[in-house]
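> got a predicted structure plus its sequence, pasted below:
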Amino acid sequence: MGLIGAALGLLAAAAPAGGAAPPRAPAGPAAGPAVDYFELTGVIDPASARSLVQEIDAAGRAGSRALIIRLDSPGGLRASVSSLVDHVLQSKVPVVVWVAPSGARAAGAGVFVAYAAHVAVMAPGTTIGPVVPVNLDAPPGSSSAAGYLRTVAARTGRNADALGTGSVSLGDAAAAQAGVVTFQAGELGTLLHNLEGRSVTVGGRTVQLSVAGVALRFHKMGLVARLLHTATRPGVAYMLLLVGLFGLVFELYFPGIGAAGLMGGGALVLALYGFTVLPTSWAALALLVVGVVLFVPDLHSGGLGIPTAAGAVALVAGSVLLFPHARPALQLPWWAIASGVAGTLLFFISIMTAALRARAARPPAGAEGMVGAVGVARTDLAPDGEVTASGSLWRARTLGAAIAEGTQVRVRSVSGLMLVVEPLEQAEPAGG
């Protein structure tokens with residue numbers, strides 16, 4: 001699972017500006033002056049942190065007048081806060097962090113990003129703090145976090161004491177009065193107006209901001225980075241896991257062009273990446289997989305029995321225990337658990353049952369539709385197993401000697417959902 005996360009991380013790192021961001025206008029006189037704008041929302045995870053670093057570097061190469069970062073984050077998740085702070089502090093262009101819109105917050109790792117900015121701004125109705133925990137999956141460390149915040153504040157001239165030892169939150173008005181942020185602005189136009197002519201220190205030199213009338217270049221995370229960032233949301237990772245398992249189960253019973261298998265495999269890869277970043281209980285995750293697998297036996301009996309009941313119990317238990325002791329921002333929402341359990345029941349009891357019945361009804365009256373068809377044993381038949389015939393995967397039985405996997409077989413008869421087969425070399429010629 002760690003290899004999957006590493007591979008996806010390398011893929012995101014290789015993609016420009018976080019994956020597939022729109023190309024920037026070329027730097028130089030022909031491009032004209034511009035202000036870059038980037039949104040950093042949700043938990044600051046490795047994908048979003050990497051995208052922010054790339055945006056800062058790209059803005060410096062393009063010679064932007066400023067980089068505005070609209071921030072709304074409850075904190076970090078396995079993100080290197082010191083690396084983010086260093087990139088903001090060492091930026092070649094002025095970095096403006098704007099906590100917006102109303103209702104947004106900058107907490108945990110978000111506090112450090114705001115403190116490191118050359119200009120920090122808050123919209124009305126927003127909050128900043130608490131500092132602790134910096135990363136939502138890490139144990140509290142208020143003393144070290146507060147100490148590091150003072151170090152950052154000393155370089156940017158902000159008041160670190162206003163947030164106390166790390167458990168204090170301030171509204172926009174209180175933060176502006178305490179010197180935590182530079183000013184308040186509820187709209188982008190107001191923000192730009194108040195930035196005009198303001199002097200900031202960038203790279204040891206004083207720069208006067210000139211942003212009036214310049215073009216705005218809006219940027220966002222690329223496709224790969226957005227997928228990885230989305231997969232680290234607990235509810236999304238949970239749903240991706242179930243969808244992936246459903247796709248693989250469907251593909252096993254109805255092999256064809258592989259659409260269900262590809263979809264399921266892709267969903268599982270994203271889900272496993274999310275679980276490697278989130279504070280996941282791997283025992284609970286295994287219980288979830290076992291719960292889904294336990295629904296399978298009753299597909300063959302055509303009813304609801306003990307396996308289905310046990311699967312439902314395992315599914316609920318695994319869902320509840322998936323993120324033990326998680327902080328509120330990382331807890332699995334109740335609607336996700338309810339939707340996941342209901343969706344699993346619907347998939348196996350309704351969709352899969354109906355699909356299997358439709359497949360069983362495919363041969364016309366009795367055995368006429370499949371008798372004589374040639375297939376291939378997908379597993380050893382001793383005496384039961386699986387074969388592929390007429391483009392579908394079937395349960396099969398041999399009445400003679402065991403048949404090895406990969407052997408060509410001919411269907412002799414059909415008994416319910418079970419094909420009765422024999423090796424092709426022993427079968428009579430077609431039509432005989």
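Arrived safely.

> Ser413 and Val420 touch, don't they?
Yes. At 4.6 Å, Ser413 counts as touching Val420 under the criterion of Cβ atoms under 8 Å. Yep, even glycine has a C-beta here, placed from its N, CA and C like the rest.

> overlap in contacts, these two.
Common contact partners of Ser413 and Val420 (Cβ atoms under 8 Å, 6 or more residues apart in numbering): none.

> more neighbours, the two?
Taking neighbours as other Cβ atoms under 10 Å, Ser413 and Val420 compare with Val420 leading, 18 against 13.

> for Met352, which non-adjacent residue is spatially closest?
The shortest distance from Met352 to any non-neighbouring residue, by Cβ to Cβ, 6 or more residues apart in numbering, is to Leu299 (5.8 Å).

> next one: the one you found, what pLDDT does it get?
Note for Leu299: predicted pLDDT of 81.

> so it makes contact with Ala354?
No. Judged on Cβ under 8 Å, Leu299 makes no contact with Ala354 at a distance of 11.2 Å.

> between the two, who's got more neighbours?
Taking neighbours as other Cβ under 10 Å, Leu299 and Ala354 compare with Leu299 leading, 19 against 10.

> list the residues that contact that one.
The contact partners of Leu299, by Cβ under 8 Å, 6+ apart, come to 253, 348, 352-353, 356.

> of those residues, buried ones?
Among the contacts of Leu299, the ones that count as buried by 16 or more other Cβ atoms under 10 Å are 253, 348, 352, 356.

> so who does the second one touch?
The contact partners of Phe348, by Cβ under 8 Å, 6+ apart, come to 295-296, 298-299, 308.

> and the first one, by the same measure?
With contacts taken as Cβ under 8 Å, 6+ apart, Tyr253 has the following neighbours: 299, 352, 355-356, 393.

> flag every buried residue along stretch 260-271.
Within stretch 260-271, the residues that count as buried by 16+ other Cβ under 10 Å are 260-261, 263-264, 267-271.

> stretch 221-231 too?
Buried residues in stretch 221-231, counted by 16+ other Cβ under 10 Å: 221-222, 224-231.

> now, the most widely separated pair of these?
Put simply, by Cβ to Cβ the two of these set farthest apart are Gly222 and Ala231, 14.4 Å from each other.

> please, where are all the helices along the stretch 301-432 of the chain?
For the stretch 301-432 of the chain, the helices defined by DSSP state H, counting those that start in this stretch occupy 306-320, 334-346, 353-360.

> which of the contacts of Phe348 has the most neighbours?
For the contacts of Phe348, the largest neighbour count, defined by other Cβ under 10 Å, is 24 neighbours, found at Phe295.

> that residue: which element?
Phe295 is part of no helix or strand, with elements assigned from DSSP states H and E.

> that one contacts Ala309, doesn't it?
No. Using Cβ under 8 Å, Phe295 is not in contact with Ala309; the gap is 10.0 Å.

> looking at the contacts of Tyr253, which is nearest Leu195?
Ranked by distance to Leu195 (Cβ to Cβ), these are led by Met352 at 58.3 Å.

> quick one, what contacts that closest one?
Counting by Cβ under 8 Å, 6+ apart, Met352 touches 249-250, 253, 299.
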